[in-house]
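1. What follows is a predicted protein model with its sequence.
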Amino acid sequence: MSQVSPQRTTRRGRLFPEYTIPLEELARRQGEDQALYERCRAVFEQVQPELIKDHYNWFIVIEPDSRDYFIDIDQELATQKASQKHPDAVLGVFRLNEIGACGRI
């Protein structure tokens, strides 16, 4: 008959502590994301009133440096269009509605 082992102790902590991102790096990334959002949001606010009439709830993908935007009913197709013209660019995605939100909260 085998003996019953005592109750296991629960291990707490990260699985891979060597992959922890420093707080400075996280803050830098968050700042870059916020700057990208603000540049894309400025383009969105400019074109949204004219596009919302005919393309309500379509997706708009914005490349903020050139101020180019691509719209489609499908998010993947709009992203593909933008990626073909700007393959190395970081893009912003909005939805053509009153607030620009893409999903539910």
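-> Structure's in. What do you need? Since we're looking at a predicted model, the values are computed, not measured. Numbers count the residues shown, from 1 in each chain.

2. where along the chain do the strands fall?
-> All strands of the chain, identified by DSSP state E, fall at 59-63, 68-72, 92-95.

3. and the angle for the second one with strand 59-63?
-> In this case it means strand 68-72. Taking axes from the mean of the first three to the mean of the last three C-alpha atoms, to 10 degrees, strand 68-72 and strand 59-63 form an angle of 160 degrees between their directions.

4. rewinding a little: which among the strands of the chain is found nearest to residue 86?
-> strand 59-63 (4.7 Å; C-beta to C-beta). In this view, the C-beta of every residue, glycine as well, is placed from N, C-alpha and C.

5. Can you tell me which helices and strands that closest one packs against?
-> helix 23-51, strand 68-72, helix 75-85, strand 92-95 (3 or more C-beta pairs under 8 Å, 6 or more residues apart in numbering; DSSP states H and E).

6. Counting neighbours, which bits of the first one end up buried?
-> Using 16 or more other C-beta atoms under 10 Å as the test for burial, helix 23-51 gives 39, 40, 41, 43, 44, 47, 48.

7. okay, the angle between it and strand 68-72?
-> 70 degrees.

8. Show me what residue 92 bridges to in the sheet.
-> residue 62 (DSSP bridges).

9. ok, so of the buried residues of helix 23-51, who is nearest residue 71?
-> Minimum distance to residue 71 across the buried residues of helix 23-51 is 9.1 Å, recorded for residue 47 (C-beta to C-beta).

10. so how far is residue 100 from that closest one?
-> 11 Å (C-beta to C-beta, to the nearest Å).

11. Give me the common contacts of the two.
-> By C-beta atoms under 8 Å, 6 or more residues apart in numbering, residue 47 and residue 100 have no common neighbours.

12. Low-confidence stretches in this structure?
-> Of all residues in the chain, those with pLDDT under 70 make up the ranges 1-2, 5, 11, 103-105.

13. now the helices and strands packed on strand 59-63 as JSON lines including distance to residue 14?
-> Formatted as JSON lines, these follow (distance: least, C-beta to C-beta, whole Å):
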{"stretch": "helix 23-51", "distance to residue 14": "15"}
{"stretch": "strand 68-72", "distance to residue 14": "39"}
{"stretch": "helix 75-85", "distance to residue 14": "32"}
{"stretch": "strand 92-95", "distance to residue 14": "31"}
